[in-house]
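> got a predicted model here, sequence first, then my questions.
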Amino acid sequence: MNALRLLALVVFIAGWSPALAQAPVDLPAAERAAIRTVIEGQMAAFRRDDGAAAFGFATPNIQSMFGDPDNFLAMVRRGYAAVYRPRSVEFAELVGDPAQPVQLVHVVGPDGQAMIAAYEMVRLAGTWRINGCVLLPAPGRTT
């Protein structure tokens, strides 16, 4: 995810309550399920500390940024504890562009802080892959 797309995603999510009501993505149920399966698969790989499997759910762009599964897993441990070791996970809206939808996931991190994990998804060779994740505080949610 380039810096401009990341900034646009953060701006979009910052006002997420009204935006969600206006910008849901209309994808077939099978596509929605496939996106969820990818995110759940990566979270399961994190729980097992299986860097190679977790890395495999990322797009080639993300993979090239980190170089190898060990670097990727180290980054997730440091900066994404809420998805690395969530206490709870609740899938919410799928928003944005149908070609690169953003799956919003409510997570509670190991510290008890409620967050929104916004996963940008990309379809490559018929398979959904994760092209980035932004963590933001969940407005109005408590643990």
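Noted; the coordinates are in hand. Numbers count the residues shown, from 1 in each chain.
> spatially central residue in this protein, please.
Nearest to the centroid of the C-alpha atoms of the chain, with distances taken as CA atoms, centre = their mean, sits residue 119, at 2.5 Å.
> quick check: bridge partners of that one?
residue 103, residue 133 (DSSP bridges).
> right, and residue 85 touches residue 43 too?
No - in this structure residue 85 lies outside contact range of residue 43 using CB atoms under 8 Å: 9.4 Å. For glycine as for every other residue, the C-beta is placed from the backbone atoms N, C-alpha and C.
> more crowded one of the two?
The neighbour count for residue 85 versus residue 43, taken as other CB atoms under 10 Å, is higher for residue 43 (19 against 16).
> and the more buried one, what's its pLDDT?
The model reports residue 43 with a pLDDT of 98.
> contacting residues for it?
Under the criterion of CB atoms under 8 Å, 6 or more residues apart in numbering, the neighbours of residue 43 are 83, 86, 89.
> just send the residues you listed back as TSV, with neighbour count and secondary structure too.
What follows is these, written out as TSV (neighbours: other CB atoms under 10 Å; DSSP: H, G, I helix; E, B strand; the rest coil):
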residue	neighbour count	secondary structure
83	22	helix
86	21	coil
89	15	strand
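> want to throw those residues into TSV with distance to residue 76 and pLDDT?
As requested, the contacts of residue 43 are arranged in TSV below (distance: CB to CB, whole Å; pLDDT from 0 to 100):
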residue	distance to residue 76	pLDDT
83	7	97
86	12	97
89	15	97
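> this completes my enquiry, with thanks.
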